[in-house]
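*Asks:* return atomic coordinates for the entry below.
(4 chains)
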Protein chains: 2
Amino acid sequence: MSDTPRRDIHNSDLPIACRACEARHKGICGALKPDQLLHLAKHTNRTNHTPDTELLASGEDSHHYSNVIKGVVKLTKLMADGRQQIVGLQFSPDFLGRPFRKQNDSYAEAANTVQLCSFPRNVLDDMVKQFPDLEHRLHEQALKQLDEARDLMLTLGRKTANEKVATFLHMIAIHNDPELEHDSQQIEFELPLKRADIADFLGLTIETVSRQMTKLRKAGIIDIRNNRTILVPDLEALEDACESL
Amino acid sequence: MSDTPRRDIHNSDLPIACRACEARHKGICGALKPDQLLHLAKHTNRTNHTPDTELLASGEDSHHYSNVIKGVVKLTKLMADGRQQIVGLQFSPDFLGRPFRKQNDSYAEAANTVQLCSFPRNVLDDMVKQFPDLEHRLHEQALKQLDEARDLMLTLGRKTANEKVATFLHMIAIHNDPELEHDSQQIEFELPLKRADIADFLGLTIETVSRQMTKLRKAGIIDIRNNRTILVPDLEALEDACESL
DNA sequence: CGAAGGGTTGATCTCTGTCAAGTCTAGTGG
DNA sequence: CCACTAGACTTGACAGAGATCAACCCTTCG
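*Replies:* Residues are numbered from 1 along each chain as shown, chains lettered A, B, ... in the order given. Below is the predicted model of the structure:
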């Protein structure tokens, strides 16, 4: 083992933290070759955050980007009088930050226990200029988030409270297990958000969220194991509830 | 005048349609050098569309992208039972289409009289692979639309009907004249959307939009010259109305 | 002139927000 | 081990913002 970089870089030469990292494959780091990853890894550091910790301030300059390693991050907008709206949720290999602009117009908060892998703005900005593949990945991320945002807009503008809650539960369900077979098998999952966050995500109040959850429970569409654990006996029934006039 | 291409290409050698085109500077074509533009221009054609014409279908494969040259395009999502939500408005030099995916999950419709400059998918896709600058432009477009989508999400989820309508009018006002001085001067503008579209944009009904417009009129915040023409005597007053509990 | 499309206004209903009380659980300290 | 507290969640009673239903006006166009 020498500490001078070698020409032929094997997988074992990847930074330790990167080896088992999801962002390494599906996230933006998937665009990087081992030596580029090594370069970036020199400047990264992992951080853990408890629920409701601020991760990215709105308005002020932000000096770093991050990958979401574990947990769920909520992107929130708020109004002067305290009303607030969650405009996006970021899951595991998602990229956190607004490229090409120092200021964010929403702020990021940990929804549950979150682990980030952060790196300085300028390091990534420089790499983006050099490696078109990296920009392509970021572009794909932006488009994915745009698609999600527009789905949520339909939910916010046109769905009833009941449909909103069903839509949210469905989103979390398929996110937890995207591979799941669609032959009506049951699934159980943890809610990464508490009721207040769900309300801010769906443009409702806590009380209405609670009421619609019990309504879905009484209709047999979900089973509430405990406040944060939901069991869906029949996914199709839940899907129907997302758009049932 | 020869019709063989020359080596040194002056501005006058640009495709005629491109010379006065806004997309040439602020739009995605701004990333292209004259010869690249010439290549693209070989495959473009301009089309005019009357209000409520479908420009881009949802679900089916789409074979072309476009730049919006004139008019306003609405991106709409609709539910099985007919409820619909406008998830985005595209103005003059905006790019229309979903890169890297054949299918759109929303469809595009002309809001007023629209002129497009369209080109085949594969021509642009090939150029994107060759010219990183072009992808950068598209990326910026996507991020801009994401910012706009998130602004609208706050409006949809948390604002009152009155604030929603004020927010919409304000958006159109500053869009029509982004240079306007903020010293309370009055501005007049045309609404590119009819009431039904405004309702679909804001997640309201036609009736509520109408009521809130007259409410704003009676409050002296706007003057309705005719159905489609609005005069704002004091822009700050309108801004206040966008977030007045 | 009549019809159609776009817009306004009124009366009424209903969904969701507001206010308030109460339950459940986890955590703390005696 | 138990009492106490705080936070998250639920449930109920009530009110209000916006939807619905319906009538009507205005302009345009054949």
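
*Asks:* the most centrally placed residue in chain A pairs with what?
*Replies:* A centroid search over chain A (C-alpha atoms, centre = their mean) returns A:Gln90, at 1.3 Å, as the residue closest to the centre. Beta-bridge partners for A:Gln90, by DSSP bridges, are A:Val73.

*Asks:* quick one: it and A:Thr76 touch, right?
*Replies:* No. Applying C-beta atoms under 8 Å, one finds A:Gln90 not in contact with A:Thr76, separated by 11.7 Å. Placement of C-beta: from N, CA and C, glycine included.

*Asks:* next, show the common contact partners of those two.
*Replies:* Here A:Gln90 and A:Thr76 have A:Ala108 as joint contacts, going by C-beta atoms under 8 Å, 6 or more residues apart in numbering or on different chains.

*Asks:* still on that earlier bit, contacting residues for the residue nearest to the centre of chain A?
*Replies:* A:Val68, A:Val72, A:Val73, A:Lys74, A:Leu75, A:Leu96, A:Ala108.

*Asks:* ok, the fourth one - contacts?
*Replies:* So that's A:Lys74. Per C-beta under 8 Å, 6+ apart, neighbours of A:Lys74: A:Ile86, A:Gly88, A:Leu89, A:Gln90, A:Ala108, A:Glu109, A:Ala110, A:Ala111, A:Leu193, A:Asp197, A:Asp200, A:Phe201.

*Asks:* rebuild these as CSV, extending it with distance to DNA strand C, secondary structure and pLDDT.
*Replies:* CSV is the format used below for the contacts of A:Lys74 (distance: C-beta to the nearest atom of the strand, whole Å; DSSP: H, G, I helix; E, B strand; the rest coil; pLDDT from 0 to 100):
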residue, distance to DNA strand C, secondary structure, pLDDT
A:Ile86, 14, strand, 98
A:Gly88, 20, strand, 97
A:Leu89, 19, strand, 98
A:Gln90, 24, strand, 97
A:Ala108, 24, strand, 95
A:Glu109, 21, strand, 95
A:Ala110, 17, strand, 96
A:Ala111, 18, coil, 97
A:Leu193, 16, coil, 97
A:Asp197, 14, helix, 98
A:Asp200, 11, helix, 98
A:Phe201, 12, helix, 98
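
*Asks:* point out where chain A drops to low pLDDT.
*Replies:* A:1-13, A:178, A:180-184 (pLDDT under 70).

*Asks:* residue ranges of each domain in it, please.
*Replies:* Domain ranges of chain A: A:11-144, A:159-241, per automatic domain parsing.

*Asks:* burial measure for the residue nearest to A:Ala149 when sequence neighbours are not counted, as a count.
*Replies:* Among residues not flanking A:Ala149 along the chain, B:Ala149 sits closest, at 4.1 Å (C-beta to C-beta, 6 or more residues apart in numbering or on different chains). Counted with other C-beta atoms under 10 Å in any protein chain shown, the neighbours of B:Ala149 add up to 22.

*Asks:* what residues does chain A have near DNA strand C?
*Replies:* A:Thr160, A:Ala161, A:Asn162, A:Gly203, A:Leu204, A:Thr205, A:Glu207, A:Thr208, A:Asn226 (C-beta under 7 Å from any atom of the strand).

*Asks:* in a helix, the fifth one, correct?
*Replies:* No. Following the definition DSSP: H, G, I helix; E, B strand; the rest coil, A:Leu204 is coil and is not counted among the residues of a helix.

*Asks:* that one contacts A:Lys164, doesn't it?
*Replies:* Yes. Between A:Leu204 and A:Lys164 there is a contact at 6.4 Å, judged by C-beta under 8 Å.

*Asks:* shared neighbours, the two?
*Replies:* Both A:Leu204 and A:Lys164 are in contact with A:Gln212, where contact means C-beta under 8 Å, 6+ apart.

*Asks:* where do the strands sit along chain A?
*Replies:* Applying DSSP state E to chain A gives strands spanning A:45-49, A:54-56, A:64-70, A:73-78, A:84-90, A:95-96, A:107-110, A:114-120, A:187-190, A:223-226, A:229-232.

*Asks:* could I get those strands in TSV, plus columns for distance to DNA strand D?
*Replies:* Putting the strands of chain A into TSV (distance: least, C-beta to the nearest atom of the strand, whole Å) gives the following:
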stretch	distance to DNA strand D
strand A:45-49	15
strand A:54-56	15
strand A:64-70	20
strand A:73-78	14
strand A:84-90	14
strand A:95-96	23
strand A:107-110	12
strand A:114-120	15
strand A:187-190	11
strand A:223-226	6
strand A:229-232	10
